[in-house]
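K.L.:
Sequence and predicted structure, then a few things I'm wondering about:
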Amino acid sequence: SKLLGWFPIVTWVREYDLRHELLPDLLTGVTLAVFHVPQSFGYSLLAGVSPIYGLYTSLFPMIMYAIFGTSRHASIGAFAVVSIMTGILVEENKQEYSAADSDGVLLAMTLFVASRLLPEGPYLATTSLAAKWSELSRVTAFLVRGQLAFHALGLGSLSVFLSEQLVSGFTAGVSVHIGSSQLPGLFGINITLYSGPFLLVKSYAEFFHRIAETHLPTLALSATSFILMLLVKILCDPFVTSKIGVP
């Protein structure tokens, strides 16, 4: 019974109703796949890594949760806030990582692995992306150990103490931070990646200071894409959903 608790898939696979559940699950899987591809690209940009890593974080967590998870309603995969925080952390610490690895042993190991496993492996050898990838790997390993410790201690139950007001405030704050982080990119402006207190104030101050550097083709493409997505959401979605019953 303890083994079944660690691997819930053993239980629900035996009770799976192919006739009534297979088709809805296939439609859900296709919908999520179409949705996750552009979303994962955006999250990878927030984290400051190649788009391929966004696809990795969309695929493998779902596979692992299907094996070890129990909820049918949990949202599994990358998250915008985590992506932003990861990007800031990696950008801040990659220089310290390079300095600590003064003999180049860790960097050499990174390049050895990257050249064989990653599509941009040869490119890493000639750029600072190697240090960033090394720092990202270290952050990931640290978070995995923390998550396993939280699971072993059963700390997931603490989420029941989060009030509705707290969750609503967090959601609103997240929306502001995500929108603010994307604003310079919509105008084609590169600004400093700030962290700590008043990071939004600093970011907006630099953004408006450099507003004259706006790349007009990028701004035009951003505005066109935004208008098209808004029109599809308002005009097309209700009609299509009412006809085929699939979101």
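P.N.:
Received the coordinates, thanks.
K.L.:
all strands of this protein, in order?
P.N.:
Assigned by DSSP state E, the strands in the chain number zero.
K.L.:
Which helix runs longest in this protein?
P.N.:
Taking DSSP state H as the criterion, the chain has its longest helix at helix 18-47.
K.L.:
ok, the residue nearest the centre of the chain - contacts?
P.N.:
The residue lying closest to the centre of the chain (CA atoms, centre = their mean) is Ala78, at 3.2 Å. By CB atoms under 8 Å, 6 or more residues apart in numbering, the residues touching Ala78 are Gln39, Ser40, Tyr43, Gly54, Thr57, Ser58, Pro61. In short, each C-beta sits where N, CA and C put it, glycine included.
K.L.:
can you list the residues you listed in CSV and add distance to Ser168, neighbour count and pLDDT?
P.N.:
Output for the contacts of Ala78, formatted as CSV (distance: CB to CB, whole Å; neighbours: other CB atoms under 10 Å; pLDDT from 0 to 100):
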residue, distance to Ser168, neighbour count, pLDDT
Gln39, 23, 16, 84
Ser40, 26, 22, 84
Tyr43, 23, 26, 83
Gly54, 28, 25, 81
Thr57, 26, 22, 81
Ser58, 27, 22, 80
Pro61, 26, 14, 82
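K.L.:
Which one of the residues you listed is nearest to Leu32?
P.N.:
Lowest distance from Leu32 to those (CB to CB) belongs to Ser58, with 8.6 Å.
K.L.:
hang on, that closest one packs against Phe41?
P.N.:
No. Look at Ser58 against Phe41 with CB atoms under 8 Å: they stay out of range, at 9.6 Å.
K.L.:
State the number of residues packed around Ser83.
P.N.:
Using other CB atoms under 10 Å, Ser83 has 23 neighbouring residues.
K.L.:
wait, isn't it in contact with Tyr43?
P.N.:
Yes. Judged on CB under 8 Å, Ser83 makes contact with Tyr43 at a distance of 4.4 Å.
K.L.:
how far is stretch 184-194 from where the chain is centred?
P.N.:
19 Å (CA atoms, centre = their mean, to the nearest Å).
K.L.:
try stretch 30-50
P.N.:
Put simply, stretch 30-50 sits 7 Å off its chain's centre (CA atoms, centre = their mean).
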